Structures are given as structure tokens and as C-alpha cells.
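Chemist: Everything below, folded, please.
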Amino acid sequence: MKPEFGADLSNVLLRQSQIIHTRMAGRAVIRVVNRCNEAMEDSNLNLSECQLVTVPDAVYHLLRNTTLVSCNLACNVISKISPKFATKFSCITELNLSNNKMSRLPDEMSECGQLEKLDVSHNSFVDIPQVVFRLPKIRVLLVNNNYIIDVDVKQLPKDSPIEEVDLRENPLLPDCHEMLSQVTSVKVLLSPRVKEDWEDLDV
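Modeler: Presented below is the predicted three-dimensional model:
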């Protein structure tokens, strides 16, 4: 029985889409390898916009003899960072994880003892990762545009190395927002608090 024209066309389109997908994946791999080669030269790894769901093991292998200073993993689809990342790249001073799908950081991140700036903005965090407060040199923390509703202000003492925390565009509770707005030991960036409807009602 001769197959219908529509079925033939569907098969052709399917094969074409598979070829296109393979080519796109191939280009992404080449991009990652090229950027690893660049990192060998300047110690700055930029894997932003590489369609990554995780940091490939090949990256650790390619950079096994390279001491990274910074790492940019922004604008991927990463949901979690492997503990291996912190042990392999423990000397980085700047890490950009913005615009991913992350909600937590591994405890092993505390091994990044030189980390000074951490950007986890535009992710899915519901609180500030506790491991951040165990980073001895962290100065700038960007956690804006997440889903954080509460922050323990006591974790921002005067002797903390943290100098600036960006908490803008988070659904902070009114009391938390108020307490954070009064913190003076650390520069805390907050969005203007929008009053709830019930707060404007006369009692």
C-alpha cells in the first residue's frame, strides 16, 4: 500500500528537525570547547548562553590544569551545581549563575574561599543560600528577582565580609522588608514596598 503524501511529508520534516537539532547541539559543544580554550589563556571561563543543563565533565577535564579567576554560567537552564564545581574551581573570585533554574547551592560551595562576588539573580531561590554566609571573602551578593520572602537579618552582622546585598524584586514580607531597610552595616538594595490592599483600609 502506497503511503499517503502527508505521512511522507511528516517523515521528511521529522528527519530535518533531527538534523537541525543535531547541528545545534554540535554548535553548542564547539562553543563550550572554544570557550574552555579561551579560559586556558585568560583564566576567565564564560559559558553563558550555551544551552547547559549542568557543567559538563569535559569542562573539568579540559581545565584540569587551569586556575580560574571567574566563571560565568548565566543564561542557561542549569537547575543545580555539582559539588565537583566547588572543589575543581575553588580559587574563583567571581561567579555568575544568573538567569538559570536554580533553587539551592551545594554545601561544598564553602570551599570557594576566594569568592568575592556571587550572582544568583533571576533564579528560583526562596531564601538566601546558607552556604553564602560561610564564604570568608564574599563582598557582593546578588539575589534579586527570586522568590525570597524572608531573610534572617542577624546573618548580616557588622563583622560580616558582605558589603552589598541586592534583594530587589523579591516578595519580601512587610516585617522583613522593614527590618532590612534599617540595616546600616551592609548596603541592602530593596524594591519599594507595595502595600497590600488590606493595609489601606481604615480600621
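Chemist: can you pull the buried residues of stretch 119-133?
Modeler: 119-123, 125, 127-129, 131-133 (16 or more other Cβ atoms under 10 Å). From N, CA and C alone the C-beta is placed, and that goes for glycine too.
Chemist: Show residues contacting that stretch.
Modeler: Taking contacts as Cβ atoms under 8 Å, 6 or more residues apart in numbering, the residues outside stretch 119-133 that touch it are 74, 95-107, 109-110, 118, 138, 141-151, 155, 160, 165-166.
Chemist: Format the buried residues of stretch 119-133 as a markdown table; extra columns: distance to residue 37 and secondary structure.
Modeler: Putting these into a markdown table (distance: Cβ to Cβ, whole Å; DSSP: H, G, I helix; E, B strand; the rest coil) gives the following:
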| residue | distance to residue 37 | secondary structure |
| --- | --- | --- |
| 119 | 24 | strand |
| 120 | 27 | coil |
| 121 | 28 | coil |
| 122 | 28 | coil |
| 123 | 28 | coil |
| 125 | 32 | coil |
| 127 | 38 | coil |
| 128 | 35 | coil |
| 129 | 31 | coil |
| 131 | 31 | helix |
| 132 | 31 | helix |
| 133 | 36 | helix |
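Chemist: how about a markdown table for the residues you listed, with pLDDT and distance to residue 80 added?
Modeler: A markdown table is the format used below for the buried residues of stretch 119-133 (pLDDT from 0 to 100; distance: Cβ to Cβ, whole Å):
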| residue | pLDDT | distance to residue 80 |
| --- | --- | --- |
| 119 | 98 | 16 |
| 120 | 98 | 12 |
| 121 | 98 | 17 |
| 122 | 98 | 16 |
| 123 | 98 | 11 |
| 125 | 98 | 12 |
| 127 | 95 | 16 |
| 128 | 95 | 17 |
| 129 | 93 | 12 |
| 131 | 95 | 13 |
| 132 | 94 | 16 |
| 133 | 93 | 20 |
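Chemist: in this protein, which spans are strands?
Modeler: Using DSSP state E, the strands found in the chain span residues 44-46, 70-72, 94-96, 117-119, 140-142, 164-166, 187-189.
Chemist: So for residue 174, which of those sits nearest?
Modeler: Distances from residue 174 to each of the strands of the chain were compared using Cβ to Cβ; the shortest belongs to strand 187-189, at 15.5 Å.
Chemist: contact partners of that closest one?
Modeler: Contacts of strand 187-189 with the rest of the structure, by Cβ under 8 Å, 6+ apart, involve 144, 156, 163-168, 180-181.
Chemist: Since that was my last question, I'll sign off now.
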